[in-house]
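Peer 1: Sequence first, then the predicted structure:
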Amino acid sequence: MQKYLIFDKINRFSLFCLVQFQNCAIFAAMKTIRFTELYFDDAQRLAQYLAARDGEEIEMINGSSEFFPMPPKTKTLPDMVNAFKVGRYEIAYISSKGGEQKYRNRNLHRVMIGEVIEETRRMHGVTLEQLEERTGIKARNLESIECGKYDVSIDILGNIGEALGCHLEFVED
């Protein structure tokens, strides 16, 4: 398996979470999960992360944008998009040039945070339904958060952490 620079700064606990997530994600094995990034390099970084995590190859594809999520704020998708395909994941991108910093790596961060939430929930032996009762967030929305498909506010992350007996903090690499 080829290693990428992005993994050089992830600590051992994070690597364990990533491997464990792969082993537990059987429920979604049949679905194609699609992301839309604004920029090629962000889409490529997410594809490399998923490929290294899952041991999959990266393919370039071109296809209809019909089933890809809309990009953030005032951006639209053309009828056809270029995308990376990594196993069951497809990551479309709009532009080959970088741009606004506030939209950079948004899906990569969502996937990584979602993996940590799922791993923490499983380590505590909590089901999605139990977490729904504790947080008031529907189980299907919690599942979307764990898959990295949902933009989560700090308030929601705090509520999920509290329900799992955890707290939020930034840890230096």
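Peer 2: Good, I have the coordinates.

Peer 1: use CA for all of it now, contacts and neighbours both
Peer 2: OK.

Peer 1: helices or strands up against the longest helix along the chain?
Peer 2: Identified as the longest helix of the chain according to DSSP state H is helix 106-123. In terms of contacts (3 or more Cα pairs under 8 Å, 6 or more residues apart in numbering; DSSP states H and E), helix 106-123 is packed against helix 12-24, strand 33-39, helix 40-54, helix 139-147.

Peer 1: That one: which residues count as buried?
Peer 2: Buried residues in helix 106-123, counted by 16 or more other Cα atoms under 10 Å: 106-108, 110-122.

Peer 1: and the angle from it to helix 139-147?
Peer 2: Counting by axes from the mean of the first three to the mean of the last three Cα atoms, to 10 degrees, helix 106-123 lies at 110 degrees to helix 139-147.

Peer 1: quick revisit: quick check, nearest of the buried residues of helix 106-123 to residue 31?
Peer 2: For these, the closest approach to residue 31 (Cα to Cα) belongs to residue 111, at 15.9 Å.

Peer 1: Of all residues in this protein, which one is nearest the centre?
Peer 2: residue 111 (1.8 Å; Cα atoms, centre = their mean).

Peer 1: Tell me how far that one lies from residue 166.
Peer 2: Distance, residue 111 to residue 166, using Cα to Cα, to the nearest Å: 19 Å.

Peer 1: Tell me the helix or strand right after the longest helix of the chain.
Peer 2: Heading C-terminal from helix 106-123, the first helix or strand you meet, by DSSP states H and E, is helix 128-135.

Peer 1: Please state the offset of that following helix from the chain centre?
Peer 2: 21 Å (Cα atoms, centre = their mean, to the nearest Å).

Peer 1: Buried residues of that helix, list them for me.
Peer 2: Neighbour-count burial for helix 128-135 [16+ other Cα under 10 Å]: 128, 131-132, 135.
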